[in-house]
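A.B. asks: just to be clear, the model below is a prediction. Sequence and coordinates:
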Amino acid sequence: MLSTGWAAAFAIDFLAVGLPYWQIPYAKVSLPNTLYGPGLFAVGVGAAAARAFGKARFLMVFFIVGATVPLAVLARVAVETTRDPTSHNLWPFEFIIATAVGALCSSAGALLGSLPALFAKHEDDA
């Protein structure tokens, strides 16, 4: 079961990616370019913090924090296809692109957050 901290981190990263992305008019969206910005930085920082300060495993951080990006895209797809069913006819590609971007950001952050534990382990061996 996930802790309250995980739920808060997930919500923060989801909104950090989603809020700016949802404000862009549909005609101007060009993935992955429209995802680039502070939201993805927040995903990396969230993953790094979860690894460095929490007891979260790498894969758990990778999947949960990385999922915020494609879920933000899917939220937009769901809302806009409800209004106009002809929009987002290529949504599987949007999902794949967002998943790749989220995976890159969360893995980079999780790797960075793993460094303190790795260095502490090597110091104990010396």
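C.D. replies: Happy to help now that I have it.
A.B. asks: low-confidence ranges in this structure?
C.D. replies: Within the chain, the stretches with pLDDT under 70 are 1-5, 121-126.
A.B. asks: remind me, longest helix of it?
C.D. replies: Using DSSP state H to define each element, the chain has its longest helix at helix 91-125.
A.B. asks: that one: which residues count as buried?
C.D. replies: By 16 or more other C-beta atoms under 10 Å, the buried positions in helix 91-125 come out as 91, 94-95, 97-99, 101-107, 109-114. No exception for glycine: its C-beta is placed from N, CA and C like everyone else's.
A.B. asks: same question, stretch 31-50
C.D. replies: 31, 35, 39-40, 42-50.
A.B. asks: so how far is stretch 111-120 off the chain centroid?
C.D. replies: Remark: stretch 111-120 is offset 20 Å from the chain centroid, using C-alpha atoms, centre = their mean, to the nearest Å.
A.B. asks: got a list of contacts for that stretch?
C.D. replies: Outside of stretch 111-120, the residues within contact range by C-beta atoms under 8 Å, 6 or more residues apart in numbering are 44, 47, 48, 49, 50, 51, 52, 53, 58, 61.
A.B. asks: go again using 10 Å as the cut-off
C.D. replies: Contact with stretch 111-120 is made by 44-54, 56, 58, 61-62, as judged by C-beta atoms under 10 Å, 6 or more residues apart in numbering.
A.B. asks: just the CA trace of stretch 14-31, in CSV.
C.D. replies: The C-alpha trace of stretch 14-31 is given here as CSV (Å, rounded to 0.1, in the frame of the first residue of the first chain):
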residue,chain,number,x,y,z
PHE,A,14,0.5,15.0,-12.0
LEU,A,15,-0.6,18.6,-11.6
ALA,A,16,2.9,20.0,-12.3
VAL,A,17,2.8,18.3,-15.7
GLY,A,18,-0.9,18.5,-16.3
LEU,A,19,-1.8,22.1,-15.5
PRO,A,20,0.5,23.8,-18.0
TYR,A,21,-0.2,21.1,-20.6
TRP,A,22,-4.0,21.3,-20.3
GLN,A,23,-3.8,25.1,-20.9
ILE,A,24,-2.4,24.7,-24.4
PRO,A,25,-5.0,24.8,-27.1
TYR,A,26,-5.4,21.4,-28.8
ALA,A,27,-4.3,22.8,-32.2
LYS,A,28,-1.0,23.9,-30.7
VAL,A,29,-0.1,20.7,-29.0
SER,A,30,2.9,18.9,-30.4
LEU,A,31,4.2,16.1,-28.3
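A.B. asks: much appreciated, bye for now.
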